[in-house]
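attaching a predicted model along with its sequence, questions to come.
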Amino acid sequence: MGHRRMNKEKGQHSARRRHAAQPRRVYWFGQAFAVDLAAYQLLEAGRPIHLPRIPMEILQLLVQRPGQLVSREEMIELIWGGDRSVDVDTNLNEAIRRIRRALKDRPARPQFIKTVYRKGFRFEARVRTKR
């Protein structure tokens, strides 16, 4: 039993070490857009585009899971946690609008972010990674 505990502790310790030493990741999409996780930036043709914290965190989540539905609930939990003192639905919708504006994306004919009615959002563009 003591042996199992040591292995479990060793596994947790090495997992923490791996997480801390992650390499810089950049996600490229569209003609000229990139999200640089380490720099916490959205770039268009190498130039930074300002996004506030909440839209940036949502965009990072979406580009890391292209083609997958990311539920509204998951986004709300990630950004606001248990804090329901703010109107999270309105704030989430506004964050998505800001992302779309920065990407020049239209909800009626989305190139990047597709709304899945009453469920969440899906990042539609092909995403490439560079390290």
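Looks like it arrived, so ask away.

make it CA atoms for all contacts and neighbour counts henceforth
OK.

need the helices for the chain, in chain order.
2-20, 53-63, 72-80, 88-103 (DSSP state H).

where among these is the average confidence lowest?
Mean pLDDT is lowest for helix 2-20 among the helices of the chain, at a mean of 40.

gap between the most centrally placed residue in the chain and Ser85?
Note on the chain: the residue nearest the mean C-alpha position is Leu61, at 1.5 Å, using C-alpha atoms, centre = their mean. Taking C-alpha to C-alpha, to the nearest Å as the measure, Leu61 falls 23 Å from Ser85.

same check on Ala39?
Per C-alpha to C-alpha, Ala39 is found 30 Å from Ser85.

who has more neighbours out of the two?
The neighbour comparison of Ala39 against Ser85 (other C-alpha atoms under 10 Å) goes to Ala39, with 10 against 7.

any idea how far Gly30 is from the closest residue to Ile58 other than its chain neighbours?
In space, and not counting its chain neighbours, Ile58 is closest to Met75: 6.9 Å by C-alpha to C-alpha, 6 or more residues apart in numbering. Met75 sits 23 Å away from Gly30, going by C-alpha to C-alpha.

the more surrounded of those two?
Remark: of Met75 and Gly30, Met75 carries more neighbours, 20 against 14, as counted by other C-alpha under 10 Å.

isn't that one up against Leu59?
No. Judged on C-alpha atoms under 8 Å, Met75 makes no contact with Leu59 at a distance of 10.3 Å.

roughly how far does the residue nearest to Ile58 sit from Gly46?
Using C-alpha to C-alpha, Met75 is found at 27 Å from Gly46.

same thing with Gly120?
29 Å.

those two: who's more crowded?
Using other C-alpha under 10 Å as the criterion, Gly120 and Gly46 rank with Gly120 on top: 16 against 10.

so the more buried one touches Ile76, yeah?
No. Using C-alpha under 8 Å, Gly120 makes no contact with Ile76, being 10.4 Å away.

how close does Ala108 sit to Glu94?
16 Å.
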